[in-house]
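Novice: Quick one: sequence plus predicted model below, questions after.
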Amino acid sequence: MNLSKNVLVTSVLDVTSAASTDTEATVLDMSGFEGVLFVARFATDNTSTMKGLHVQAGASSDGSDAIDVTGSEVTCTSTAAAVVVLDVYKPTKRYVEAVLETSASTDQNTITAVQYGARVLPVTQGNEVTLVIGTDSGTI
């Protein structure tokens, strides 16, 4: 089995500059998937600002009715570069979005979403995903 045929990988928040407010990522349609794993990467900062991630969910594709999902918050207080992961399994609403949290000006980098448990296989990826079979060496 190869993972790339069984999941959908999407960049839902691209690199952003320093911000002191929460930043909402792109809303994902969960129809056809059992869950989504959000991976947020935070840059190094020079303070002990709180950095975190939580999920909102709703019935509208634009996120206008999205509300915070209870128990979905994960935080990181490290000043070093950090990766925070949040797994949402069987959401009860069709649309979900990740929200980056910051308590002071800190660089917010990226959020990648990995939707899994696809009902229709194989999953079609964008051009950014490549499957490599075998590990023979040679030129690229």
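Specialist: It's in.

Novice: For whichever helix or strand residue 98 is part of, which outside residues touch it?
Specialist: Residue 98 belongs to strand 95-102 when assigned by DSSP states H and E. Applying CB atoms under 8 Å, 6 or more residues apart in numbering, the contact partners of strand 95-102 are 12-13, 19-30, 36, 38, 40, 49-61, 63, 66, 69, 73, 75, 86, 88, 108, 111, 113. For the C-beta atoms, the positions are set from N, CA and C on the backbone; glycine is no exception.

Novice: Would you map the strands across the protein?
Specialist: Using DSSP state E, the strands of the chain run over 8-13, 23-24, 28-29, 35-42, 51-58, 67-68, 74-76, 82-89, 95-102, 108-116.

Novice: which of the ones you listed is buried the deepest?
Specialist: Highest mean neighbour count among the strands of the chain (mean count of other CB atoms under 10 Å): strand 95-102, with a mean of 23.

Novice: quick check: angle from that strand to strand 35-42?
Specialist: Put simply, strand 95-102 runs at 20 degrees to strand 35-42, going by axes from the mean of the first three to the mean of the last three CA atoms, to 10 degrees.

Novice: and strand 95-102, average pLDDT?
Specialist: Across strand 95-102, pLDDT averages out at 90.

Novice: got it, and stretch 123-134?
Specialist: 77.

Novice: and that stretch, how far from the chain's centre?
Specialist: Here stretch 123-134 is found 19 Å from its chain centre; the criterion is CA atoms, centre = their mean, to the nearest Å.

Novice: So which residue is smack in the middle of the chain?
Specialist: Against the mean C-alpha coordinate of the chain, by CA atoms, centre = their mean, the closest residue is residue 38 at 2.9 Å.

Novice: surely that residue meets residue 86?
Specialist: Yes. Judged on CB atoms under 8 Å, residue 38 makes contact with residue 86 at a distance of 4.6 Å.

Novice: any residues in contact with both of these two?
Specialist: Common contact partners of residue 38 and residue 86 (CB under 8 Å, 6+ apart): 53, 55, 98.

Novice: how many neighbours does residue 93 have?
Specialist: If you count neighbours by other CB atoms under 10 Å, residue 93 ends up with 16.
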